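1. Structure of the sequence below:
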Amino acid sequence: MGLTKETQKGKALEVIDVLNKYYDVDILNSEQLKSRLPEFLRPRQISMYFIKKLLKGSDRSIGNIYEGKDAATVLHSCNVIRGFIQFDFLIREECKELEIELYEKIRLKDDLKSLAINDINKKLSLFSADKLLKIQKILSNEA
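-> The predicted structure is shown next:
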């Protein structure tokens with residue numbers, strides 16, 4: 001994506017902030033970082049997944065944001081969420097909703113515009129009609 005390290009870290013913190021609000025947690029709180037309770041673990045894993053997916057962060061750099069979690073932890077978290085997205089309808093819908101919100105909040109609209117048409121069509125086919133209207137609204141505000 002061509003972001004500087006500072007910009008990437010800033011956008012990663014914005015991703016975390018969106019997820020904090022969505023799940024009503026504090027992902028970077030030291031006590032919650034150590035917790036394996038699902039109400040803390042799942043938002044942390046989803047935040048790692050989106051930072052990697054949307055910002056193209058390396059596993060190591062993402063782990064450093066979470067008090068030095070190692071690259072294997074980040075890789076595992078991303079794989080777990082990919083599995084949930086594939087097989088769990090509720091988490092898949094939740095992640096679709098979050099992805100739209102993240103595109104809107106952290107100004108990744110330019111990335112959405114720069115995707116190849118085939119990739120856009122593939123992504124759009126995954127969204128419901130009301131989600132497509134939100135995307136259309138975001139894109140029309142940029143025009």
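2. Distance from stretch 89-104 to the middle of the chain?
-> Relative to the mean C-alpha coordinate of its chain, stretch 89-104 is positioned 8 Å out (C-alpha atoms, centre = their mean, to the nearest Å).
3. Against which helices or strands is the helix or strand harbouring D17 packed?
-> Using DSSP states H and E, D17 maps to helix 5-23. Judged by 3 or more C-beta pairs under 8 Å, 6 or more residues apart in numbering; DSSP states H and E, the packing partners of helix 5-23 are helix 38-55, helix 59-65, helix 89-105. Any C-beta I mention is one placed from the backbone N, CA and C, and that applies to glycine too.
4. Let's have these in JSON lines, adding distance to D17.
-> What follows is the helices and strands packed on helix 5-23, written out as JSON lines (distance: least, C-beta to C-beta, whole Å):
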{"stretch": "helix 38-55", "distance to D17": "10"}
{"stretch": "helix 59-65", "distance to D17": "12"}
{"stretch": "helix 89-105", "distance to D17": "8"}
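5. so which of these gets nearest T7?
-> helix 38-55 (9.2 Å; C-beta to C-beta).
6. Could you check the closest one and say which residues are buried?
-> 40, 42-55 (16 or more other C-beta atoms under 10 Å).
7. How about residues contacting that helix?
-> 1, 3, 8, 11-12, 15-16, 19-20, 22-23, 25, 27, 32-33, 35, 57, 59, 62, 65-66, 74, 77-78, 80-82, 94-95, 98-99, 102-103, 106, 108, 111 (C-beta atoms under 8 Å, 6 or more residues apart in numbering).
8. What average pLDDT does that helix get?
-> Across helix 38-55, the average pLDDT comes to 93.
9. Next secondary structure after the helix holding D17?
-> Following helix 5-23 in sequence order, the next helix or strand is helix 30-34 (DSSP H and E).
10. which residues sit against that next one?
-> Helix 30-34 has contacts (C-beta under 8 Å, 6+ apart) with V25, D26, I27, F40, R44, Y66, E67, K69.
11. now do stretch 68-81
-> 33, 44-46, 48-49, 52-53, 58-60, 62-63, 66, 91, 95.
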